[in-house]
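Participant: starting from these lines, generate the structure:
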Amino acid sequence: MSEPLLVEIIAYAPTAYYHCTHCEVAWREMGANHRIHEEQLESSLPRDLIEEYQIISNWVQEMFREHCDALVLKVIDAASVEGFYKSLRYNARRYPAVIVNQKARFFGSHMLSAASEEIDHQLASRPVET
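Facilitator: From the prediction side, this is the model:
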């Protein structure tokens, strides 16, 4: 099987901060851990960005259903250092930014269907291994 196609998605993502593994176990045993992280995720982004992230999440699930192991999908938080770097590298000014195979670029959630078509095209044009 050939290498999977790399699809990078730069988007604002909900964020929760965790303690070290030992502390997380202690917090979980006290019953506080799950509630704290849920609250962090709920308040980490405004409602419109949460809704957009859900659209992206649904799209990612659809891509996995259609292409399984033929893809490597990497979601990168636009607010992270890596997200900042990738945004500069790919000249992303709108999010989500979908980069297919480090070349084809699609900016904005309205372009997800075009990104899907590009993924289909690139996977179909790969040589079949026997």
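
Participant: so what's Ser125 scoring on pLDDT?
Facilitator: At Ser125, the model reports a pLDDT of 88.

Participant: that one and Ile119, how far apart?
Facilitator: As judged by Cβ to Cβ, to the nearest Å, Ser125 and Ile119 stand 11 Å apart. For the C-beta atoms, the positions are set from N, CA and C on the backbone; glycine is no exception.

Participant: neighbour count: these two, which is higher?
Facilitator: Set Ser125 next to Ile119 and count neighbours by other Cβ atoms under 10 Å: Ile119 wins out with 22 against 7.

Participant: quick one: buried residues of the helix or strand containing the more buried one?
Facilitator: Per DSSP states H and E: Ile119 is located in helix 112-124. Within helix 112-124, the residues scored as buried using 16 or more other Cβ atoms under 10 Å are 112, 115-116, 118-119, 122-123.

Participant: of all these, which comes closest to Cys68?
Facilitator: Nearest to Cys68, judged by Cβ to Cβ, of these is Leu123 at 10.8 Å.

Participant: these two touch, right, that closest one and Cys68?
Facilitator: No: look at Leu123 against Cys68 with Cβ atoms under 8 Å: they stay out of range, at 10.8 Å.

Participant: where does the prediction get shaky in the protein?
Facilitator: Scanning the chain with the threshold set as pLDDT under 70 gives 1, 15-28, 30-45, 129-130.

Participant: which residues of it fall in strands?
Facilitator: 5-11, 71-77, 97-100, 104-107 (DSSP state E).

Participant: endpoints of stretch 97-111, how far apart?
Facilitator: 9 Å (Cα to Cα, to the nearest Å).

Participant: how distant is it from the center of its chain?
Facilitator: Offset of stretch 97-111 from its chain centre (Cα atoms, centre = their mean, to the nearest Å): 12 Å.

Participant: buried stuff in it?
Facilitator: 97-100, 104-107, 109, 111.

Participant: and the two most separated of these?
Facilitator: Farthest pair in the buried residues of stretch 97-111 (Cβ to Cβ) is Ala104 and Ser109. Separation: 16.4 Å.
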